[in-house]
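Enquirer: turn this into a structure:
(one chain, ligands or ions: 1)
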Amino acid sequence: MTREVGLDLVFRARRAVTPDGEAARAVGVRDGSIVAVEPYDVPLTASREVGLGDDVVLLPGLVDTHVHVNEPGRTAWEGFATATRAAAAGGVTTIVDMPLNSVPPTTTVEALRVKRAAAEGSVHVDVGFWGGAVPGNLGELRGLHEAGVHGFKCFLLPSGVDEFGHLTPGELAAVLPVLRDVGALLVVHAEDAGAIDRAPAAGGRRYADFLASRPRGAENLAIAQVIELARAAGARVHVVHLSSSDALPMIASARRDGVAVSAETCPHYLTFAAEEVPDGATQYKCCPPIREAANRELLWEGLRSGVLDCVVSDHSPCTPELKRLETGDFGAAWGGIASLQLGLPAVWTQARARGFGLADVVRWTAERPAALAGLGGKGRIAPGADADLVAFAPDEAVVVDPARLHHRHPVTPYAGLPLTGAVRSTWLRGVEVYTEGEIVGEPRGRLLPGGAT
Ligand SMILES: [Zn+2]
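Expert: Below is the predicted model:
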């Protein structure tokens, strides 16, 4: 028992989710790290003890590897302070920021320095960074990797912002061996540029027209191409925000062959259905789009079978004006859904209705995303991990009130939606950063060096 000497803090929870499943646990913390996970009644002694009520479950803090913070450059859309407050309030203790929509985009070592400087001192949770792979920056990739990005993001069609170009198939084929050689991951927005060009143009208020402008085939084609180029290069790839369930068998097949491909989906694809999106409701616009209810159920089956690894937010807000809510024109509106604060209750609401448990949700939203980004000390309640913890009330009924969101802008398709589950408190390295609706204390998040991938 000598390892318990000098504990700063002990959490006692009748229900805690650890890699071994859900059980009554005592969790000992020293210097911000978990040093003991024991049965509930083991007499760990510490200077402070946090006893959790019977109505809450202790979870590891979520790791959201798909967040567009947009600062610097488009800080009017979102920023490090507001995004990380929302994260803390949503039980997310680590975010990994996407390289685009900020200006400059994170495609050079210098741009990473600029972004880190913008974030320094203002983050309420830990923040890591993806780099970008764009036309012409092949020579920057090794330097960005060494400077600590968690991997690289690329697009296969126009990204929506001019300063972040997309890769042609030839350019993608050139990038993959470079990343393989340094051991870095490539995460891909997989929609095929040609297929989207050939589809009907998006425009007007009808959601069905928008859906037809981003067909499943465009995703399927791009994912097939990514898989085959990864197979040829022996590189590691990850499909972000997978929406087309048609692609799941291809991913499963490639994995059986030993191709290092993984995939994530997002809470909105698991919650909403195209048939229910009102015309003109551009707060639902994202790319690839929210598809039909039958597709949604197949995504859930993908989680059940393990073909889908992660559920992360793709939090991608903009100013309310850019959502064009007054005209409801899906062609003109910015594509992106704001949900960083809502991911845990949104996913839990749908998961439990389909017979999943909190251990499943933790695997998709914490353990697997942490592994994806090479964050060995995150995403699990286990000795050696950071004491990033969440007290979650899984039976509490809530209705999403935009006024309670810490996002810079409250526009979200979840407004008014009844959900089950509420984050009561969040701890970052053993220090409470959020409780009962309030952010606690000064920003104490850290900027993370990249993982060894
Ligand atoms: Zn995104």
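
Enquirer: for the residue lying closest to Val187 once chain neighbours are set aside, list the residues it contacts.
Expert: The shortest distance from Val187 to any non-neighbouring residue, by Cβ to Cβ, 6 or more residues apart in numbering, is to His238 (4.5 Å). C-betas here are computed from N, CA, C, even on glycine. Shown in contact with His238 (Cβ atoms under 8 Å, 6 or more residues apart in numbering): 151, 185-188, 261-264, 372.

Enquirer: and His238, that's in a strand?
Expert: Yes - judged by DSSP: H, G, I helix; E, B strand; the rest coil, His238 forms part of a strand.

Enquirer: measure it to Ala230 for me?
Expert: Shown here: His238 relative to Ala230, a distance of 10 Å by Cβ to Cβ, to the nearest Å.

Enquirer: and if you look at Asp209?
Expert: In terms of Cβ to Cβ, Asp209 sits 34 Å off from Ala230.

Enquirer: which residues in the stretch 151-300 of the chain form strands?
Expert: For the stretch 151-300 of the chain, the strands defined by DSSP state E, counting those that start in this stretch occupy 152-155, 186-189, 237-239, 261-265.

Enquirer: and those strands, which is most packed in?
Expert: Ranked by mean neighbour count, the strands of the stretch 151-300 of the chain are led by strand 152-155 with a mean of 27 (mean count of other Cβ atoms under 10 Å).

Enquirer: any idea of the mean pLDDT in that one?
Expert: Strand 152-155 carries an average pLDDT of 98.

Enquirer: same question for stretch 183-190.
Expert: 98.

Enquirer: how about residues contacting it?
Expert: Residues from elsewhere that reach stretch 183-190 (Cβ under 8 Å, 6+ apart): 130, 133, 141, 145, 149-157, 159, 175-176, 179, 219, 222-223, 226, 230, 235-242, 247, 372, 374, 452-453.

Enquirer: any of these buried? List them.
Expert: With neighbours counted using 16 or more other Cβ atoms under 10 Å, the contacts of stretch 183-190 contain these buried positions: 130, 133, 141, 145, 149-157, 159, 175-176, 179, 219, 222-223, 226, 230, 235-242, 247, 372, 374, 453.

Enquirer: show the contacting residues for the closest residue to Pro418 other than its chain neighbours.
Expert: Nearest residue to Pro418 in three dimensions, chain neighbours excluded: Val399, at 5.2 Å (Cβ to Cβ, 6+ apart). Shown in contact with Val399 (Cβ under 8 Å, 6+ apart): 416-419.

Enquirer: how much space between Val399 and Glu436?
Expert: Val399 is 17 Å from Glu436, by Cβ to Cβ.

Enquirer: and if you look at Ala370?
Expert: Ala370 sits 26 Å away from Glu436, going by Cβ to Cβ.

Enquirer: same drill for these two, tell me which one is more crowded.
Expert: Ala370 (26 against 10; other Cβ atoms under 10 Å).

Enquirer: quick check: that one touching Gly376?
Expert: Yes - contact criterion Cβ atoms under 8 Å: Ala370 and Gly376 qualify, at 7.4 Å.
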